[in-house]
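Novice: Need a 3D model of the following:
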Amino acid sequence: MGDEIRMWWDTWAGNEPLYKIFPDLYKIEKKKRIMLKDCFCKENGDMKWKWRWKKQRLNQKEKEELKNLEELLQQVNISGETDQWIWKPDDKGIFSVASMKSLLVKSSKIPKSFSWKWNGWVPKKVNTFMWKAVNNNIPTMLALKGRQFISEWCNISSLFAFSTKDLINIHSQVKVSKNKRKGIQAVIFTAAWCIWNPRNEAVFQNKVIGVNKMKENIKALGYLWVKNRFPCSNLEWKE
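Specialist: Coordinates of the predicted model:
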């Protein structure tokens, strides 16, 4: 029907908004926020488009864009039904977490043989951050190599990681209880988060945070996140 779709701004014909496909026509459009329903009418069953240009005579480039636009619109079937969003990756057009996961896996650079379970003791944003890191979207994650204070805090042998994948799975190699392994992974994730954020602040805001302050942040956030998510209520931090 087009009563909830903006003619130029929404993606409804083609793979991107019309203002991007036909920029010269968009420049001379009088009503750039116009709704789709106001851009056409039906006469004797035929679709007729109503254009509102700022000028009467179009130049050659604008004429070419208009021709291409009308050819594109001929491929679109506008029904009388209520507007609704559809999820293209799904055959039925219905969004689901499963279809999103499938889409991410297909576009991921990670080998299919590699998988890991998200750590429920840290926020979702930290798990997402680690996912991006293992996709090599955050290369400075490798700065965590040699951060031996993590192993000292967890009272385990020194940790050696040569990739982000190693960081994610290194807790599974420690011979301790299941809960402690999960806690070690939570500390590693927290450390990665607390190292990355100051790096961004240093680059974009010229802020400098010392190593000691960074370590304190890791302790504070790690304790807060795990305590609020760990089923045991008497969790304590001991130096």
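
Novice: quick one, domains of this protein?
Specialist: Partitioning the chain according to automatic domain parsing yields domains covering residues 1-87, 114-229.

Novice: Out of the ones you listed, which is closest to L103?
Specialist: domain 1-87 (9.5 Å; Cβ to Cβ). To be clear about C-beta, it is placed using only N, CA and C from the backbone, and glycine gets the same treatment.

Novice: sorry, back to before: for the domains of the chain, give me a markdown table that also has distance to L103 and mean neighbour count.
Specialist: A markdown table is the format used below for the domains of the chain (distance: least, Cβ to Cβ, whole Å; neighbours: other Cβ atoms under 10 Å):
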| stretch | distance to L103 | mean neighbour count |
| --- | --- | --- |
| domain 1-87 | 10 | 13 |
| domain 114-229 | 14 | 16 |
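
Novice: lowest confidence element among the helices and strands of the chain?
Specialist: helix 149-153 (a mean of 67; mean pLDDT, DSSP states H and E).

Novice: right, and the helix or strand after that one?
Specialist: helix 164-169 (DSSP states H and E).

Novice: Can you name every helix or strand that that next one contacts?
Specialist: helix 124-134, helix 178-204 (3 or more Cβ pairs under 8 Å, 6 or more residues apart in numbering; DSSP states H and E).

Novice: Please convert the ones you listed to CSV, extending it with distance to I28 and mean pLDDT.
Specialist: Shown next, in CSV, are those (distance: least, Cβ to Cβ, whole Å; pLDDT from 0 to 100):
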stretch, distance to I28, mean pLDDT
helix 124-134, 41, 81
helix 178-204, 38, 81
